[in-house]
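Engineer: Sharing a model that was predicted from the sequence below.
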Amino acid sequence: MNHHILSLHLQTTMKSNLIRLDRWDWYAIALPMIAIAPLLFFQAMYLWSREHMQFFPLAVCAAWSFFYREGQSNALLSLFRVRLSWVLSVMATILCFIALLLYSPWMAHVASVLLCVSWAFGKFGNLTPLRICGICGLLAVTIPLPLEMDQTLVQVLQGLSASISSRLMDLTGILHFQKGNIIEIAAKPLFVEEACSGVDSQYALMAVAGILLLVGRAGLVVSLITIVTVPLWAILGNLLRIYSIVFGLEFLNVDLSSGVVHTILGFITFSLAAFAHWSSVQLLNYFVCVYSNYDLNAKGRSDVQQDRGVGAISKSLRMAVSKGLFAVPALLFLFLPFGIVGLLEFSLRSVNPPSFSSELSNIFPKELDVPTTLLGSERIGFMTETRVSNNNLGQYSRIWQYSRENVDHVASLDFPFRGWHSLWRCYQSTGWKEQQRIRVDTSADDEPIQWPFYESRLQNMSGEHAVLHFSLFDGNGAPYDSESAMERNDAQSRISKNLISAMARQIRSLQNPMDPVTFQFQLLTRSDSPISTNQIIGYRQMFLKLREMVHKKSLPALEVVRSEGLGL
């Protein structure tokens with residue numbers, strides 16, 4: 001009975017200590033987090049926009065839950081822990097300064113995780129360093145790869161998933177043809193999208209593995225092996241998902257590639273992969289238990305016991321923070337006005353994607369609005385496509401197909417978009433690799449072009465070569481080539497961008513907060529053989545002629561768009 005009362009008293013004391021903020025809490029985490037809160041908000045919005053990162057709220061809640069249930073803020077700290085906490089806190093504060101100077105949400109995300117690590121080391125003396133790193137590892141999993149490497153990972157996994165699925169279909173005798181990230185079977189072509197690339201399960205399974213390791217109190221060796229094997233289970237689970245779709249179409253006449261059934265299938269395959277991974281963790285724990293007499297149910301030793309001999313035991317760190325030291329995190333608030341302006345800019349620019357009615361889309365150019373023959377190429381087809389309003393390819397597309405010998409041309413008017421649209425990213429997500437990209441602002445005679453356009457040279461896994469030309473115009477029919485929008489979509493400029501340039505951009509955005517509705521015209525030329533420079537010059541002329549005709553035929557439709565107030 002007394003033991004039960006004592007245990008209840010300790011739990012109540014522990015929870016009250018976690019809820020009440022002392023000086024160390026304010027210094028190490030509360031004040032810096034408030035200072036970088038606007039950047040963290042932008043980062044959270046970015047994470048939520050990526051399907052494979054939408055688990056991050058659960059990871060944050062899980063980390064807090066472990067600290068809340070296990071942390072004891074009244075435990076004593078070793079001198080080593082005190083010094084380590086201060087070093088990590090200084091590093092995290094410096095990183096916060098850098099994030100604010102560069103106006104980088106990603107770096108603010110990294111700084112926030114380091115803040116949690118330093119705070120936990122100085123707060124919970126009963127938790128071992130390995131335990132704290134494991135809990136904060138749940139937060140680290142939510143950090144996307146920098147410098148567009150996250151998108152590169154998606155593209156690599158897309159190609160890998162398509163290739164492995166193709167080999168499995170070869171082994172099981174399913175007739176198919178793989179073209180980049182597209183697998184064509186008798187029933188229908190299947191595109192290995194980002195959600196089916198395995199990147200969803202890659203990140204989420206990493207978080208699940210972290211939780212399993214923390215719950216099972218696994219050691220360092222088991223933890224490392226478990227984390228290293230996460231990609232293997234993620235790929236196997238994703239392979240099961242893709243093959244199930246193919247099997248359903250080929251043998252059961254059931255389409256599992258879209259809708260609610262596709263979501264359910266993804267949940268089932270992820271659950272199977274997570275269960276298989278959990279089983280492997282249990283197997284590793286069993287071997288550790290057998291060969292090292294490790295007690296799987298043993299509670300972690302206190303950090304004071306582990307650090308015995310490193311240094312004398314000091315007072316609790318929260319009692320060692322003087323009031324004068326609060327000047328350091330207070331300096332971070334000098335940048336808070338910039339963050340507030342950024343939030344105001346975001347609120348003004350956060351509008352629903354533009355959407356047109358089907359009747360309005362039918363006013364735009366049709367099949368006969370472009371010639372049957374153009375520069376030796378024959379028009380062989382025309383089609384229209386309708387998608388959801390927030391689709392990356394646009395809600396509507398008017399597509400003309402030309403052909404000449406072994407070269408295919410696909411011209412397309414895609415609309416509507418909001419502001420700039422980096423079309424090359426759409427092709428990269430379908431398996432094309434960009435070899436070169438340039439902005440063409442002069443003609444073959446070195447004469448300036450009034451309406452510049454962009455040119456990308458592409459190649460896919462099947463050995464196909466392609467050249468992409470595209471440009472955009474706004475609701476008034478004027479060329480849209482926003483250099484500021486290009487900067488926001490370019491990784492290198494995001495690194496070089498500093499606080500002053502960010503503030504200047506925000507002021508301009510407040511004056512004109514909403515990007516205009518834009519329309520995109522593109523020409524994709526595909527060939528089985530490499531495309532020479534002379535051929536590309538000819539394709540530029542074809543693009544310019546088609547763009548001129550389609551743009552001219554679109555002007556009456558743009559008047560209707562403006563009259564209905566949709567061209568803003």
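Structural biologist: Here it is on my side, so go on.

Engineer: Need the nearest residue in space to L249, chain neighbours excluded.
Structural biologist: Of all residues not flanking L249 in the chain, A187 sits nearest, at 4.0 Å (Cβ to Cβ, 6 or more residues apart in numbering). Any C-beta I mention is one placed from the backbone N, CA and C, and that applies to glycine too.

Engineer: wait, is that neighbour part of a helix?
Structural biologist: No. A187: not assigned to a helix; according to DSSP: H, G, I helix; E, B strand; the rest coil it is coil.

Engineer: Which element, helix or strand, includes F382?
Structural biologist: strand 377-386 (DSSP states H and E).

Engineer: Need the contact partners of that strand.
Structural biologist: 358, 361, 366-367, 370-373, 393, 395-404, 407, 409, 542 (Cβ atoms under 8 Å, 6 or more residues apart in numbering).

Engineer: pretty sure the residue nearest to L249 contacts E250?
Structural biologist: Yes. If you go by Cβ atoms under 8 Å, A187 and E250 touch, sitting 6.6 Å apart.

Engineer: re earlier: could you list the buried residues of the strand holding F382?
Structural biologist: S377, R379 (16 or more other Cβ atoms under 10 Å).

Engineer: Can you name the element that comes right after that strand?
Structural biologist: strand 396-404.

Engineer: Show me what whichever helix or strand comes after that following strand is packed up against.
Structural biologist: Going down the chain from strand 396-404, the next helix or strand is strand 407-418, by DSSP H and E. Helices and strands touching strand 407-418, by 3 or more Cβ pairs under 8 Å, 6 or more residues apart in numbering; DSSP states H and E, are strand 396-404, strand 517-527, helix 533-563.

Engineer: Relative to strand 407-418, what are the paired strands and their orientations?
Structural biologist: According to DSSP bridges, strand 407-418 forms sheet pairs with strand 396-404 (antiparallel), strand 517-527 (antiparallel).

Engineer: Out of those, which is the most enclosed?
Structural biologist: strand 517-527 (a mean of 23; mean count of other Cβ atoms under 10 Å).

Engineer: For it, the averaged confidence score.
Structural biologist: The average pLDDT within strand 517-527 is 94.

Engineer: So, low pLDDT: which residues of the stretch 351-500 of the chain?
Structural biologist: 351-352, 444-445, 482-500 (pLDDT under 70).

Engineer: Tell me which stretches of it form strands.
Structural biologist: 373-374, 377-386, 396-404, 407-418, 433-442, 448-459, 465-474, 479-480 (DSSP state E, counting those that start in this stretch).

Engineer: Render the CA-only coordinates of the third one in PDB, please.
Structural biologist: This file holds the C-alpha atoms of strand 396-404, laid out as PDB (Å, rounded to 0.1, in the frame of the first residue of the first chain):
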ATOM      1  CA  TYR A 396      -7.500  20.800 -68.000                       C
ATOM      2  CA  SER A 397      -5.200  19.900 -71.000                       C
ATOM      3  CA  ARG A 398      -5.700  20.300 -74.700                       C
ATOM      4  CA  ILE A 399      -3.300  17.900 -76.400                       C
ATOM      5  CA  TRP A 400      -2.200  17.800 -80.100                       C
ATOM      6  CA  GLN A 401       0.000  14.900 -81.300                       C
ATOM      7  CA  TYR A 402       2.400  15.200 -84.300                       C
ATOM      8  CA  SER A 403       4.700  12.700 -85.800                       C
ATOM      9  CA  ARG A 404       7.500  12.500 -88.300                       C
END
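
Engineer: Between helix 533-563 and it, find me the angle.
Structural biologist: Angle, strand 396-404 to helix 533-563, by axes from the mean of the first three to the mean of the last three Cα atoms, to 10 degrees: 150 degrees.

Engineer: and the angle for strand 396-404 with strand 377-386?
Structural biologist: Counting by the same axes, to 10 degrees, strand 396-404 lies at 160 degrees to strand 377-386.

Engineer: For strand 396-404, what is the distance to the chain centroid?
Structural biologist: Distance, stretch centre to chain centre, for strand 396-404: 31 Å (Cα atoms, centre = their mean, to the nearest Å).

Engineer: quick one, what contacts the closest residue to V117 other than its chain neighbours?
Structural biologist: Distance criterion Cβ to Cβ, 6+ apart; nearest residue to V117, sequence neighbours excluded, is C136 at 4.8 Å. Residues counted as contacts of C136 (Cβ under 8 Å, 6+ apart) are A63, V113, C116, V117, A120.

Engineer: mind checking pLDDT for C136?
Structural biologist: 93.

Engineer: Distance of it relative to V228?
Structural biologist: Distance, C136 to V228, by Cβ to Cβ, to the nearest Å: 19 Å.

Engineer: Kindly report the same for S257.
Structural biologist: In terms of Cβ to Cβ, S257 sits 32 Å off from V228.

Engineer: higher neighbour count, the two?
Structural biologist: A side-by-side neighbour count of S257 and V228, using other Cβ atoms under 10 Å, places S257 first with 20 against 9.

Engineer: Please identify the helix or strand for the more buried one.
Structural biologist: Assigned by DSSP H and E, S257 falls within no helix or strand.

Engineer: What does the pLDDT read for it?
Structural biologist: 79.

Engineer: Do I have it right that F333 meets A35?
Structural biologist: Yes. F333 lies in contact with A35 (Cβ under 8 Å); the separation is 5.3 Å.

Engineer: More neighbours: which of those two?
Structural biologist: The residue with more neighbours, out of F333 and A35, is A35; 25 against 14, by other Cβ under 10 Å.

Engineer: Walk me through the domains of this protein.
Structural biologist: Split into domains by automatic domain parsing, the chain comes to 23-128+300-342, 149-279, 358-563.

Engineer: Distance to I143 for the ones you listed - can I get that in JSON lines?
Structural biologist: Shown next, in JSON lines, are those (distance: least, Cβ to Cβ, whole Å):
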{"stretch": "domain 23-128+300-342", "distance to I143": "6"}
{"stretch": "domain 149-279", "distance to I143": "10"}
{"stretch": "domain 358-563", "distance to I143": "16"}
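
Engineer: sorry, back to before: out of the strands paired with strand 407-418, nearest to T172?
Structural biologist: Across these, the minimum distance to T172, taken as Cβ to Cβ, is reached by strand 517-527, at 30.3 Å.
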